[in-house]
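**Student:** coords please:
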Amino acid sequence: FFLPPFPCCSLTNDGVAEMGKVSACLRSLNLSRCYILTDEALSSVAASCPELQELHVEYCSGLTDVGVLEVAQECAQLRRLFLKDCSEVTAGAVRTVQQLGIDVVR
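**Tutor:** Residues are numbered from 1 along each chain as shown. Okay, the predicted model is just below:
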């Protein structure tokens, strides 16, 4: 099951949490340009999407190393993480994610 890309600039952390409750079988999730999302959203994804293989969070400036590392560590099937223009995610976090075998696109 794949959730297609969609413009989601008004999607909130609570919206991501609700989506996760009914979408545990997601393999791909595009949250790009969801400008108001924070690490809380990634925590919800990490807790509720165990089958996730690909995550797009480009241009999500509210995300930090904490959320990115949580989703990388908890989503064992994750293979690709798209982080373009996530300004609060450091090079150190990217290296850690890559060491977990996840391809990071910046």
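
**Student:** my read: residue 42 touches residue 69, true?
**Tutor:** No - counting by CB atoms under 8 Å, residue 42 sits too far from residue 69 to count as a contact (9.1 Å). For glycine as for every other residue, the C-beta is placed from the backbone atoms N, C-alpha and C.

**Student:** out of these two, which sits in the more crowded spot?
**Tutor:** residue 42 (28 against 19; other CB atoms under 10 Å).

**Student:** ok, the residue nearest to residue 90 when sequence neighbours are not counted - contacts?
**Tutor:** Among residues not flanking residue 90 along the chain, residue 65 sits closest, at 5.5 Å (CB to CB, 6 or more residues apart in numbering). By CB atoms under 8 Å, 6 or more residues apart in numbering, residue 65 lies in contact with 88, 89, 90, 92, 93.

**Student:** please, where are all the strands along the protein?
**Tutor:** Along the chain, the stretches classed as strands by DSSP state E are 28-30, 54-56, 80-82, 103-105.

**Student:** so of the ones you listed, which one's packed in deepest?
**Tutor:** strand 54-56 (a mean of 22; mean count of other CB atoms under 10 Å).

**Student:** can you list contacts of that strand?
**Tutor:** With contacts defined as CB under 8 Å, 6+ apart, strand 54-56 is touched by 5, 27-32, 45, 71, 75, 78-82.

**Student:** show me which of those residues is closest to residue 98.
**Tutor:** Out of the contacts of strand 54-56, the one with the shortest distance to residue 98 is residue 81. That distance is 9.2 Å, counting by CB to CB.

**Student:** next up, the contacts around the closest one.
**Tutor:** Counting by CB under 8 Å, 6+ apart, residue 81 touches 54, 55, 57, 68, 71, 72, 97, 102, 103, 104, 105.

**Student:** how close does residue 41 get to residue 91?
**Tutor:** When distance is defined by CB to CB, to the nearest Å, residue 41 is 22 Å away from residue 91.

**Student:** so between these two, which is more surrounded?
**Tutor:** Neighbours were tallied for residue 41 and for residue 91 using other CB under 10 Å; the higher tally belongs to residue 41 (27 against 9).

**Student:** for that one, give me its contacts.
**Tutor:** For residue 41, the contacting residues are 12, 13, 16, 17, 31, 34, 63, 67, by CB under 8 Å, 6+ apart.
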